[in-house]
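Trainee: Quick one, fold the following:
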Amino acid sequence: MNIDTLRSFLQSNQHDKIPLENLKVLNLLVELMADSDERVRSKSSDLIFSTEFIPTKEIVEFYLKNPHPHIKQVVMKNLKYFIPILYEYLTNDSSFNLIYDIISPFKPDQLFKSIQESYKTVPILSTLTELALRTCDSDFSNLEDSFITYNFISMQTKEIKKILSYRIKQSTTIFPELTLLTVTKFPELAVLIIKNIRDIILKDMSEVNIQYGSLALMLVDEPKNSDVLIERLANKNDSTETKLAIIEALGNLGNDNACEVLIEQFEKGEPLAYYAARSLALLGDNVLPFLISALEEDKNIPFIIETMKRIGESSYDHLMTALHKGKRSVRRNAAQCLTLVMSEKYGYVGAIRLLTSQLAGKNPSIIEAVTEALLTLGTPSIRVLIEELIEDDLRLRKNAIEVLHYFGSDNIDLSLDGLLDVDLSLVVKLGILLYLYYPTEELQNLGYSFALRSGKLLSKEDEIFKIVLKSLGEINHEIREKGCSIMPQFGAKAVPALSNLLTDPNIQVRRKAVESLRRIKNKRALITLINAAKKSDDIIAEISTRALGELKDPGVIDVIINNMKRPKQLVRDAAVYAAVNIGAPIAKKLFSNLNSPNNNLVNATVDAIGQMDSKVLELTFSNLKSKDERWFRNLQRIVEKMGPSAIPVLKARYNKEKNEKARIRLIILLSKAKDTSIMLDLIKMINEGNMKTGVNALNNIGVDGSKQLVKELKNTSLKQKNTFIEKSKGIESEIVINLLQAANKTDKLEKLTPLILKSHIRAIRKYCQDENLDYNNFIKDFQ
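Mentor: Numbers count the residues shown, from 1 in each chain. So this is what the prediction gives:
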């Protein structure tokens, strides 16, 4: 089959003549995706993607030679099928620009969704494409979700190295930068291009690359890589930020050769000196002789102290030796250092605070030593460790949690219990910190039990409020959520902080903030919720509107009704929920909206009133004789939604209603509520000439009312029976059949059979058609 024949088949919709299993035909279809005829392009694309084997590689190769816009759109629409091969083209100079042009319009979550779909069938190739995208797209590079794992890296080393090596050498500066950013997120990748990273540290002019490269070398954690960092630190042209990154990396790599160059940074003042002190501390005890020597110069003392404070108890012997054997200036400075560094030797809390500050380091040996020391000091360490949970340094938090874990919940319980009689506010503070920041539920509950009794906070001092307030700004949304749950304890002064959380990026936090505002129940909180319910952000409007409904304050009625008009369904649903909670106070105003030109408002009104107590119908009975038909149709919808529960209210009104129009409307409403007791009224209505209303009402009640209809007909005269049969044309076929069957079996109705067969022939024919029955045979049974 040639391309012209194939085009002809596509133009004439003769798709069944196209052998899609033929690879040659598929290749021709790929070519036709760039045909001048739009119909041919579209049909060829549809056929290709209807096959089991989609020639993705052929499509991309053809597109690279003939970059037709239609093919680009097809690839974008079906991106998940192309994911497994894209990495090959994103690491090739001849194809990179065209392929990147295809994927660049996508948002990161859209790209990752396509990768997810592809990963289900082709995991390795899909993950290679993810890596290729991370190294060339800045938005995608920051995505948290990933399929890149240690096993993947170990199995696909060759291909991964090819991607990283290609990208880090690209001339456009952003690509090497993204490559380095990527390897900092997945340190195992850095090992594969360690030579390239070392070259960047030594030669690159981009400071961002130097910073990321320093971080990458630090994460690889090979002390031998310190040599290039030491050499680069001597570059006077580098910015402070770059030098700080190098200094931090040198400290974490733990190479003693960095001691001298780091001490030289003390001369340069803040912040380099401070970072150098922190990194020197990470190098451990071997830096202490250099620091003691530096004391001779009688300068940079604050940074030497800072370093020794971070090193911890091992500074003690060196300082004592310097104090006894050093020169005068050394002795003076050593005494100053000894006072500041080791004064904790004479008090538990001081020693513990010094030791716990060392938990911010990365060096495992230091962490281990500090942990052992804290455990040796016993349960008094628990107080300080809990207080460290709120520190901004996340590494310090993590290590403090680990030490607390070693103490165990029983010891923590005993420690807090022992403080109860000494300082209640301190215990509440520690309990709140455990509840907010400790990761396991057991200790969270323990902390909660010490801080609150019967849901009430045992102390509301400013310090405790500040702790809870700070938790609302934490990165971890679970901490923010728990902070929200405590905030109502502080009443009105918590409202501003909770108001700010109504724009929190996490939906659970926003919901908790609204719930907390609702619990506060004061005017200021109510105003905040009203303002939030008016916001254009649909999520905030939704949860705030629900909260307003739970408060049941009549002052929020206008806000709720306005939100029934909103285009977003979830906001309208929330407004309905709120209206149902408020009930009768809002119902009267809602009834007036039943003939509103805004369909969203009308539908929400129907939905809301339909879920309320049927007694609210009494609020609108006075309108039955005056309102227009549209208003009444929507009232019928409400009654239909209420169902039989509306019958008592409607029946009571019907029995005392004098106005004829209102009575007729009440009959219709009763029929919508499935009230079978109105059958006799309906028979009279039809016999007296109001056939349309009576028949519609009968049909509203439906076949379930047939039994009551037969019962009422039995008690009427033959003339009334005949009149009803003749005038009730239009009732549902199933009702007619029930009447026919009843007439055939009941003496009082047997004379009605011929008249039913004659008057309701259309309904009987419809029934036979619906039930696949022969009409003539069916009626023979009744003749």
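
Trainee: just so I have it, where are all the helices in the stretch 451-600 of the chain?
Mentor: 462-471, 477-486, 495-500, 507-520, 523-533, 538-551, 557-563, 569-582, 584-591, 599-610 (DSSP state H, counting those that start in this stretch).

Trainee: Out of these, the one nearest P69 is which?
Mentor: helix 538-551 (34.8 Å; Cβ to Cβ). Where C-beta positions appear, they are placed from N, C-alpha and C, glycine not excepted.

Trainee: picking up where we left off before, lowest average confidence across the helices of the stretch 451-600 of the chain, which one?
Mentor: Ranked by mean pLDDT, the helices of the stretch 451-600 of the chain end with helix 523-533 at the bottom, a mean of 80.

Trainee: What residues of it count as buried?
Mentor: 524-526, 528-530, 532-533 (16 or more other Cβ atoms under 10 Å).

Trainee: circling back to that earlier point, now the helices of the stretch 451-600 of the chain in CSV, with distance to I401?
Mentor: What follows is the helices of the stretch 451-600 of the chain, written out as CSV (distance: least, Cβ to Cβ, whole Å):
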stretch, distance to I401
helix 462-471, 15
helix 477-486, 13
helix 495-500, 25
helix 507-520, 22
helix 523-533, 34
helix 538-551, 32
helix 557-563, 43
helix 569-582, 38
helix 584-591, 49
helix 599-610, 48
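
Trainee: just these: most buried one?
Mentor: helix 538-551 (a mean of 24; mean count of other Cβ atoms under 10 Å).

Trainee: now that one: how far from the chain's centre is it?
Mentor: With Cα atoms, centre = their mean, to the nearest Å as the basis, helix 538-551 stands 18 Å off its chain's centre.

Trainee: For it, give me every contacting residue.
Mentor: 502-503, 507, 510-511, 514-515, 517-518, 521, 526, 529-530, 532-535, 556, 559-560, 563, 566, 568, 570-571, 573-575, 577-582 (Cβ atoms under 8 Å, 6 or more residues apart in numbering).

Trainee: where in the stretch 651-783 of the chain is pLDDT low?
Mentor: Residues of the stretch 651-783 of the chain meeting the criterion pLDDT under 70: 783.

Trainee: Out of the buried residues of helix 523-533, name the two that are farthest from one another.
Mentor: R524 and A533 (15.2 Å).

Trainee: For the buried residues of helix 523-533, give me TSV that also has distance to N225.
Mentor: Formatted as TSV, these follow (distance: Cβ to Cβ, whole Å):
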residue	distance to N225
R524	57
A525	56
L526	60
T528	54
L529	56
I530	59
A532	52
A533	57
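
Trainee: hmm, who's touching stretch 610-626?
Mentor: 576, 579-580, 583-584, 587-588, 591, 609, 631-632, 635, 637-642, 645-646, 648-650, 653, 657, 659, 661-662, 665-666.

Trainee: Narrow these to those in helices?
Mentor: 576, 579-580, 584, 587-588, 591, 609, 631-632, 635, 637-642, 648-650, 653, 661-662, 665-666 (DSSP state H).

Trainee: ok, the buried residues of helix 523-533 vs L740, which is closest?
Mentor: Among the buried residues of helix 523-533, and counting by Cβ to Cβ, the member closest to L740 is A533, at 57.1 Å.

Trainee: wait, isn't the closest one in contact with V559?
Mentor: Yes: applying Cβ atoms under 8 Å as the test, A533 and V559 come out as touching, 5.1 Å apart.

Trainee: in the helix or strand that contains Q741, what's buried?
Mentor: If you go by DSSP states H and E, Q741 is part of helix 733-745. By 16+ other Cβ under 10 Å, the buried positions in helix 733-745 come out as 733-740, 742-743.

Trainee: and which of those residues is nearest to V261?
Mentor: Checking these one by one against V261 (Cβ to Cβ), the nearest turns out to be E734, at 95.0 Å.

Trainee: doesn't Y767 make contact with that closest one?
Mentor: Yes: counting by Cβ under 8 Å, Y767 is a contact partner of E734 at 6.9 Å.

Trainee: Contact partners for I102?
Mentor: I102 touches 72, 75-76, counting by Cβ under 8 Å, 6+ apart.

Trainee: Mind giving me the ChimeraX command for buried ones among those residues?
Mentor: Restricted to buried positions by 16+ other Cβ under 10 Å, the ChimeraX selection for the contacts of I102 reads:
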select :75
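
Trainee: In CSV, list the contacts of I102 along with distance to I683, secondary structure and pLDDT.
Mentor: Below are these laid out as CSV (distance: Cβ to Cβ, whole Å; DSSP: H, G, I helix; E, B strand; the rest coil; pLDDT from 0 to 100):
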residue, distance to I683, secondary structure, pLDDT
K72, 71, helix, 91
V75, 69, helix, 90
M76, 66, helix, 91
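
Trainee: Just the closest of the contacts of I102 to N196, please.
Mentor: Nearest member of the contacts of I102 to N196, counting by Cβ to Cβ, is V75, at 31.5 Å.

Trainee: My guess is the closest one contacts V60. True?
Mentor: Yes: using Cβ under 8 Å, V75 is in contact with V60, at 7.3 Å.

Trainee: Mutual contacts of these two, please.
Mentor: F82.

Trainee: so what are the domain limits for this protein?
Mentor: 221-343, 702-783 (automatic domain parsing).

Trainee: Spell out the residue ranges of the helices in the stretch 151-300 of the chain.
Mentor: 157-168, 174-185, 187-190, 194-203, 207-220, 226-233, 240-253, 259-264, 272-283, 288-294.

Trainee: Any idea which of the ones you listed gets closest to E478?
Mentor: helix 174-185 (22.4 Å).

Trainee: Name the surrounding residues that touch the closest one.
Mentor: So helix 174-185 is contacted by 131, 134-138, 141, 146, 164, 167-170, 189-190, 193, 197, 200, 204, 206, 208-209, 212-213, 215-216, 219 (Cβ under 8 Å, 6+ apart).

Trainee: ok, now stretch 481-500?
Mentor: Contact partners of stretch 481-500, identified using Cβ under 8 Å, 6+ apart, comprise 432, 435-436, 444, 452, 456-457, 460, 465, 468-469, 471-472, 474, 501, 506, 508-509, 512-513, 515-517, 519-520, 522, 524-525, 528, 532.
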